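In: Any chance you can model this:
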Amino acid sequence: MATYPGNGILSINWPVRLNSNTFSQEGAFTFEDPFFFAPPVCKWSFGGHLVRKTYYFKAFLLFFAIAFSFLSIRDGSAAPKEGERLPSFSLVVPANDSYKQYLGIREDLPFLPTRVDGRMLIIEIFSMYCPWCQKEAPEVNKLHALIEGNPKLKGSVKIIGIGAGNSKYEVEVFKDNYKVPFPLFPDEDLKIHKALGEPMTPYFFAVKLTDAGDKISYSKLGSFGKAEDFLALIVKLAELE
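Out: Just a heads-up that it's a prediction; the model follows:
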């Protein structure tokens with residue numbers, strides 16, 4: 001999991017386990033990058049003890065590759081704006097029957113997000129490796145809980161997440177780590193991300209769904225603030241008052 005503790009060091013951790021005939025030990029591999037202040041560090045630790053610490057030139061190149069990939073993702077200026085139609089892209093039907101019921105999807109074929117049963121669809125573009133997405137996850141979960149706990153809104157406002165550049169496995173890791181209660185979809189090849197203007201993460205869209213077509217009512221980069229305030233805005237935009 002990638003974290004940014006605020007001390008100038010980007011830390012990416014992978015849990016690992018060593019198994020042999022004589023022992024089984026939990027451990028971790030950590031890649032730390034202090035940006036331009038020092039070379040990147042790769043650490044192997046087991047049982048809470050550091051067993052290897054190396055300064056890899058390859059790791060330094062890896063950092064620049066990661067940094068370049070972040071820089072190449074736009075700030076959302078190319079994302080569709082409020083008042084525009086949602087670009088066309090399809091999603092794979094979830095295997096989970098409760099998600100299919102939540103979305104109102106009955107077939108097992110790829111579907112357009114505008115076919116979701118409801119009056120407003122909130123779409124979060126996230127990445128498992130995005131520390132801001134990790135920080136925002138509890139507030140998005142709270143938003144979902146507020147919607148589902150309100151009989152007037154349940155069934156009318158739906159939430160989905162799309163993992164930009166994330167595989168199915170990475171999306172599941174994010175879902176499990178942050179107890180996400182709504183459907184998440186992988187976008188490993190970034191096709192959806194490109195269709196949406198390659199915004200940085202997290203990015204939120206709110207799409208008003210009507211018989212006459214769809215219209216984007218909200219399109220912004222970053223946190224939406226408090227769940228209660230954002231929900232009040234969504235209710236107003238969807239004309240659910």
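
In: Give me the phi and psi angles of the closest residue to residue 134 other than its chain neighbours.
Out: In space, and not counting its chain neighbours, residue 134 is closest to residue 178: 6.8 Å by C-beta to C-beta, 6 or more residues apart in numbering. From N, CA and C alone the C-beta is placed, and that goes for glycine too. In terms of degrees, to the nearest 10, the main-chain angles of residue 178 are phi -110, psi 10.

In: what's residue 178 in contact with, if anything?
Out: Applying C-beta atoms under 8 Å, 6 or more residues apart in numbering, we find residue 178 in contact with 134, 137, 138, 141.

In: closest to residue 107 among these?
Out: Nearest to residue 107, judged by C-beta to C-beta, of the contacts of residue 178 is residue 141 at 28.3 Å.

In: shaky segments in the protein?
Out: Applying pLDDT under 70 to the chain flags residues 1-77.

In: Just the helices from it, written as ranges.
Out: With DSSP state H as the criterion, the chain has helices at 57-72, 97-103, 131-148, 168-177, 191-195, 227-237.

In: Looking at the ones you listed, which is nearest to residue 208?
Out: The nearest among those, by C-beta to C-beta, is helix 227-237 at 6.6 Å.

In: How about that closest one, which residues are buried there?
Out: If you call a residue buried by 16 or more other C-beta atoms under 10 Å, then helix 227-237 has these buried ones: 227, 230, 231, 234, 235, 237.

In: go on, stretch 105-125?
Out: 105, 111, 113, 116, 118, 119, 120, 121, 122, 123, 124, 125.

In: do the same with stretch 165-178
Out: Per 16+ other C-beta under 10 Å, stretch 165-178 contains these buried residues: 165, 166, 170, 171, 172, 174, 175, 178.

In: Output that stretch as CSV - backbone C-alpha positions only.
Out: The C-alpha coordinates for stretch 165-178 follow below in CSV (Å, rounded to 0.1, in the frame of the first residue of the first chain):
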residue,chain,number,x,y,z
GLY,A,165,-4.8,1.8,-14.2
ASN,A,166,-5.8,-0.8,-11.6
SER,A,167,-6.3,-4.5,-12.2
LYS,A,168,-9.1,-6.5,-10.7
TYR,A,169,-6.8,-7.7,-8.0
GLU,A,170,-5.7,-4.1,-7.1
VAL,A,171,-9.3,-2.9,-7.0
GLU,A,172,-10.2,-5.8,-4.6
VAL,A,173,-7.2,-4.9,-2.4
PHE,A,174,-8.5,-1.3,-2.2
LYS,A,175,-12.0,-2.5,-1.6
ASP,A,176,-11.0,-4.9,1.2
ASN,A,177,-8.6,-2.4,2.9
TYR,A,178,-11.1,0.4,3.0
